[in-house]
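[1] Predicted model and sequence below, questions to follow.
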Amino acid sequence: MNDVGNYQEKYGVHVVNAMENLLQAVHRTPLQQSTTLNEVTHKDVFLKMENLQRTGSFKIRGAYNKVSMLTDIEAARGIVAASAGNHAQGVALAASERGIKAKIFMPVHTPTSKIDATRSYGAEIVLEGESYNEAFKGAEREQQERGATFVHAFDDPDVMAGQGTVALEMMQQCPDLDTILVPVGGGGLLAGMALAVKTYFPHVNIIGVQASEASATWNRFKGTGPKVLHSCKSIADGISVKEAGKLTYPIIEQLVDDMVTVSEEEIATAIIFMLERHKTLVEGAGAASLAAILCKSNHLKSRRIGAVISGGNADIEKFSTYKKLSERAKTIRRIS
């Protein structure tokens, strides 16, 4: 896995197997256009609506692919995982359908909607730490003490293969895309999609998008700022991760064409845009790639752009915050 080139040669089999494995388990989500978005950006933009996926997020793809491949012995030990919310739901659902006990560690500030949804699938929830990284340490401790099977949110080849199926679907739905924007937390989605695209469609550009308040991967990719953040708190809680994955980052470094960051105001603007123009509520992480298109379109040279709307599990209680940040963005644009 550390040899990215060798893994890429084998990845066709991994992602195709994952595609077949997920046929009956996940939705083939729509690739939608918005006339308003195209007019505003002067580009052809295609939104991959993973917010309409089972559990409201792309995370079910990687989680289900991994859980379905566990041996009976691994399954009998039970599953432990750490998640900011969406991976938790994917793991919980996959475990439930296979009859496996799941214990999932989540940050204490995880939106109640994500906690309740995860619990509804039958998983045991433990709230620990301020961010994903602290929750991960709790899950790691549990795994060592109990011997449970760990299902990582991003640093796992089977999880990445499952996430990579998003890219294959997008290219099937619109073969002439020239650029795909992907939100980035730990990097499982970006790494998986980059491997899939560069294996089968090497001419397509892959751009990662991070929240500026949680930019560890961007920092490392650009060679500036800390590689490990002391804290990261963003309205894009699903991608608020303090450092890039050990397995995902080498793939990102080699195969991703560029990375950008988006501010809290820009993410909020994208959330409000989707609600007002698309009549769809998306979460902060899910709006990140759209934020880059809306607010940084002049820096994107491509004409036919795909953007992954990665999740729709928004925290309704924070809607007033989204609105205030969006209004602040308008004020900033007027002044500048």
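    Sure thing, it's come through. Numbers count the residues shown, from 1 in each chain.
[2] Determine the number of other residues adjacent to Thr199.
    Around Thr199 there are 20 other residues, counting by other Cβ atoms under 10 Å. From N, CA and C alone the C-beta is placed, and that goes for glycine too.
[3] and what of the one 4 residues further on?
    Other residues within reach of His203, judged by other Cβ under 10 Å, total 8.
[4] what about it, distance to Ile305?
    14 Å (Cβ to Cβ, to the nearest Å).
[5] Moving C-terminal from the host helix or strand of Val260, which element do we reach first?
    Val260 belongs to strand 258-262 when assigned by DSSP states H and E. Sequence order places helix 264-277 as the next helix or strand after strand 258-262, per DSSP H and E.
[6] Can you get me a residue count around Asn65?
    By the measure other Cβ under 10 Å, the count of residues near Asn65 is 31.
[7] So it versus Val166, what's the distance?
    Distance, Asn65 to Val166, using Cβ to Cβ: 12 Å.
[8] ok, now Val26?
    Per Cβ to Cβ, Val26 is found 10 Å from Val166.
[9] Identify the contacts common to the two.
    Arg61 (Cβ atoms under 8 Å, 6 or more residues apart in numbering).
[10] Have a look at these two and say which one is more surrounded.
    Higher neighbour count among Val26 and Val166: Val166, with 26 against 23, using other Cβ under 10 Å.
[11] hang on, isn't the more buried one packed against Met49?
    No. Assessed by Cβ atoms under 8 Å, Val166 is found out of contact with Met49, at 10.8 Å.
[12] helix, strand or coil for Gly129?
    coil (DSSP: H, G, I helix; E, B strand; the rest coil).
[13] any idea which helix or strand carries Gln89?
    Element membership for Gln89 (DSSP H and E) is helix 86-98.
[14] hey, where'd the strands end up in this structure?
    Applying DSSP state E to the chain gives strands spanning 31-32, 44-49, 79-82, 102-106, 124-127, 149-150, 179-183, 205-211, 258-262, 304-309.
[15] among those strands, which is nearest Gln89?
    strand 102-106 (9.1 Å; Cβ to Cβ).
[16] what's that closest one in contact with?
    78-85, 88, 91-92, 95-96, 114-115, 118, 122-128, 135-136, 138-139, 142, 148.
[17] Equivalent analysis for stretch 223-236, please.
    130-131, 183, 211, 213-216, 218-220, 240-244, 264, 267-268, 271, 283-285, 287-288, 318, 321-322, 325.
[18] Can you tell me the closest non-neighbouring residue to Val182?
    Leu190 (4.7 Å; Cβ to Cβ, 6 or more residues apart in numbering).
[19] The closest residue to Cys295 other than its chain neighbours: neighbour count?
    In this structure, Cys295 finds its nearest non-sequential neighbour in Glu266, 4.4 Å apart by Cβ to Cβ, 6+ apart. Neighbour count for Glu266, taken as other Cβ under 10 Å: 25.
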